[in-house]
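> Pasting the sequence and the predicted coordinates here, then a few questions.
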Amino acid sequence: AQSVTQLGSHVSVSEGALVLLRCNYSSSVPPYLFWYVQYPNQGLQLLLKYTTGATLVKGINGFEAEFKKSETSFHLTKPSAHMSDAAEYFCAVSDFREKLTFGTGTRLTIIP
Amino acid sequence: DSGVTQTPKHLITATGQRVTLRCSPRSGDLSVYWYQQSLDQGLQFLIHYYNGEERAKGNILERFSAQQFPDLHSELNLSSLELGDSALYFCASSVGSSGGALETQYFGPGTRLLVL
């Protein structure tokens, strides 16, 4: 069985500061990893995904994540936060056969 | 706009009742997935259909059922509703049948269900 743990249900950062959202996974097979964003009153939108190859993955809106097998982590970062980044972020894991398994989400607040 | 549409946006009903949620996938997508998002359970996968056939089941209650029609739209039927069924129900679609990993799932805006 696969699972995802997102550390911190709420994260606040100042505008212009580094955004770091943490995700650790558990998987018995090489995982596929995803970050989704949910803006208020909207569905989920894919930010980025890791399947194979380069471990540093770049996504939309300036976000990137690094797959670290030794740490079973897939943390999401953005160098400089913008007010429009305020949203809820979900990390998810899958193998190529199975459904997406989501974490509990991290609500990101940007302080002006 | 993801191209996935869901109706209705909001639904208020009473315990014991039955409701139907509708989803139209993006043009060209053959897969439809249903998810439930609630405060206590988080975002949970319910069921996956590909081109009219059920492909995978998740944490879907026996009181819930779904189907995908020849025109590829899907309906999620929730019956004998309980207070705990109050949640946001999302539909997502993708082109093929591989489920979670190899394809991007595009999510609709959701249907918010309130059971009183």
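Great, that's in hand.
> Run the chain-centre distance for the helix or strand bottoming out on mean pLDDT in chain A.
The helix or strand of chain A with the poorest confidence is strand A:101-102; it has a mean of 89 (mean pLDDT, DSSP states H and E). With CA atoms, centre = their mean, to the nearest Å as the basis, strand A:101-102 stands 11 Å off its chain's centre.
> residues in contact with that strand?
Strand A:101-102 is contacted by residues A:2-4, A:36, A:90-94, B:42-45, B:100 when judged by CB atoms under 8 Å, 6 or more residues apart in numbering or on different chains. C-beta coordinates here come from the backbone N, C-alpha and C atoms, glycine included.
> any idea which helix or strand comes after that strand?
strand A:106-111 (DSSP states H and E).
> in chain A, which spans are strands?
Remark: strands assigned in chain A by DSSP state E are A:3-7, A:10-14, A:19-26, A:32-38, A:44-50, A:56-58, A:64-68, A:73-78, A:87-94, A:101-102, A:106-111.
> partners of the first one, with directions?
Right, strand A:3-7. Within its sheet, strand A:3-7 is paired with strand A:19-26 (antiparallel), according to DSSP bridges.
> Could you find the closest non-adjacent residue to B:Gly52?
Nearest non-adjacent residue to B:Gly52, counting by CB to CB, 6 or more residues apart in numbering or on different chains: B:Gln68, 5.0 Å away.
> I'd like to know how many residues surround that neighbour.
Counted with other CB atoms under 10 Å in any protein chain shown, the neighbours of B:Gln68 add up to 23.
> which ones are touching it?
Neighbour list for B:Gln68: B:Val32, B:Tyr49, B:Tyr50, B:Asn51, B:Gly52, B:Glu53, B:Ser74 [criterion: CB under 8 Å, 6+ apart].
> Buried among those? Need that as a selection in ChimeraX.
To isolate the buried ones among the contacts of B:Gln68 in ChimeraX, judged by 16 or more other CB atoms under 10 Å in any protein chain shown, type:
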select /B:32,49,50,74
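> just checking, which of the contacts of B:Gln68 belong to helices?
Secondary structure defined by DSSP state H assigns none of the contacts of B:Gln68 to helices.
> Between the contacts of B:Gln68, which sits nearest B:Gln17?
Closest to B:Gln17 out of those is B:Ser74 (20.6 Å), distances taken as CB to CB.
> ok, that closest one touching B:Val32?
Yes - assessed by CB atoms under 8 Å, B:Ser74 is found in contact with B:Val32 at 4.2 Å.
> any idea of the pLDDT on A:Lys68?
Looking at A:Lys68, its pLDDT stands at 94.
> in the sheet, who's paired with it?
Beta bridges link A:Lys68 to A:Ser73, judged by DSSP bridges.
> Relative to chain B, how far out is it?
Applying CB to the nearest CB, to the nearest Å, the value for A:Lys68 to chain B is 19 Å.
> okay, how far is it across stretch A:100-112, tip to tip?
Stretch A:100-112 has its terminal residues 34 Å apart, counting by CA to CA, to the nearest Å.
> Once you drop chain neighbours, what's closest to the residue nearest to the spatial centre of chain B?
The centroid of chain B falls nearest to B:Trp34 when counting by CA atoms, centre = their mean (2.9 Å). In this structure, B:Trp34 finds its nearest non-sequential neighbour in B:Leu46, 4.2 Å apart by CB to CB, 6+ apart.
> ok, the one you found - contacts?
B:Tyr33, B:Trp34, B:Tyr35, B:Gln36, B:Lys57, B:Gly58, B:Asn59, B:Ile60, B:Phe64, B:Ala66, B:Leu76.
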